[in-house]
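Trainee: Requesting a structural model of the entry that follows:
(chains A and B)
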Amino acid sequence: MPGNSKGTLYRGREGMWSWVAHRITGIAIFFFLLVHVLDTAMVRVSPEAYNAIMSIYKNPVMGLGEAVLVAAIVYHAFNGIRIILIDFWKNGAKNQKGMLWGVLILWAVVMIPFLIRHLMNTFGG
Amino acid sequence: MATPLKTRISAPRSNDNVVNGIKYNRSNSKRNNFEMLAWLFMRVSGVILVVLIFGHLFVNLMMGEGVHRIDFGFVGGKWANPFWQVWDAVLLWLAMLHGTNGIRTIIMDYAEKDSTRFWLKLILFLAAAFVLLVGTLVIFTFSPCPTGSPAELLPSFCPAP
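Mentor: I've put the predicted structure just below:
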């Protein structure tokens, strides 16, 4: 139906926003993956070329970018498990909202220790 | 806007399976099930990717000094072991196919013109094929001890030049 897609807000609330976040994190992870395979391919050029590229990732600003990337990956992973449970578990659809809270709690449980360690690695010298 | 909705939007089918004047399109056995397999692949690969990517992130960002530890010697040390070569190759293929199918779904959802969908999907598939080819070649043709490189940049197991 071309032309009538403006101004749509599908239902809103947890079901829609978790889906929007799944798409946005998925797109971001995909584009990082393209870059990441090509930066790793520098090992085939020379040790110097690879180490030069990797020094960019060790910059503190990139360290924050890595934290955002991991946050996106962890959300996409746990929400993906939730989607699988919605599809295959007989009570999945009924419990989708509760499972989203489970996803967010697990996300926090993984991200807090990750951020402590990663930011110490990034800013600790 | 007087046209009834169902006459404006025809079902996107190449043929109808009609028995005694009734359409049984859902049971058409000649329909190919690529989209169902793609849907199933997203779920199966997703579960495996959670394990592979969490392992990848733990070893590369959490162990040792994290990202500061990663250099040519680190990668050379990992890929000297077939376990990590296979881990990374499976990770590369599943992640690229999972991501490519995800972007394909998004293109089909939002690109409204047939020609736009065609070109976006063509660019996507060419980019994915290129990255898969480069990535696979890098993992399996990689040499951890290239000749003529300074020894301090190489893994510790490389013979002295």
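Trainee: What is the burial count for residue A:79?
Mentor: By other Cβ atoms under 10 Å in any protein chain shown, 22 other residues sit near residue A:79. In this view, the C-beta of every residue, glycine as well, is placed from N, C-alpha and C.
Trainee: before we move on, which element is it in?
Mentor: Secondary structure from DSSP states H and E places residue A:79 in helix A:60-88.
Trainee: same question, residue A:94
Mentor: With DSSP H and E as the test, residue A:94 turns up in no helix or strand.
Trainee: Nearest the middle, which residue of chain B would you pick?
Mentor: Closest residue to the average C-alpha location of chain B: residue B:96 at 1.6 Å, with Cα atoms, centre = their mean.
Trainee: how near is it to chain A?
Mentor: Residue B:96 sits 7 Å away from chain A, going by Cβ to the nearest Cβ, to the nearest Å.
Trainee: Same question for residue B:23.
Mentor: The gap separating residue B:23 from chain A is 22 Å, by Cβ to the nearest Cβ.
Trainee: again, but for residue B:115
Mentor: 13 Å.
Trainee: residues contacting residue 63?
Mentor: Defaulting to chain A. By Cβ atoms under 8 Å, 6 or more residues apart in numbering or on different chains, the contact list for residue A:63 reads A:118-119, A:121-123, B:67.
Trainee: Wait, chain B was what I had in mind.
Mentor: Applying Cβ under 8 Å, 6+ apart to residue B:63 gives the contacts residue B:69.
Trainee: Repeat the analysis, applying 10 Å as the threshold.
Mentor: A:117, B:69 (Cβ atoms under 10 Å, 6 or more residues apart in numbering or on different chains).
Trainee: Ramachandran angles for it?
Mentor: phi -80, psi 150 (degrees, to the nearest 10).
Trainee: Which stretches in chain A count as helices?
Mentor: Shown for chain A, the helices assigned by DSSP state H span residues A:13-40, A:47-57, A:60-88, A:96-123.
Trainee: Check which helices and strands the shortest one sits against.
Mentor: When you say that, I think you mean helix A:47-57. Judged by 3 or more Cβ pairs under 10 Å, 6 or more residues apart in numbering or on different chains; DSSP states H and E, helix A:47-57 is in contact with helix A:13-40, helix A:60-88, helix B:72-79.
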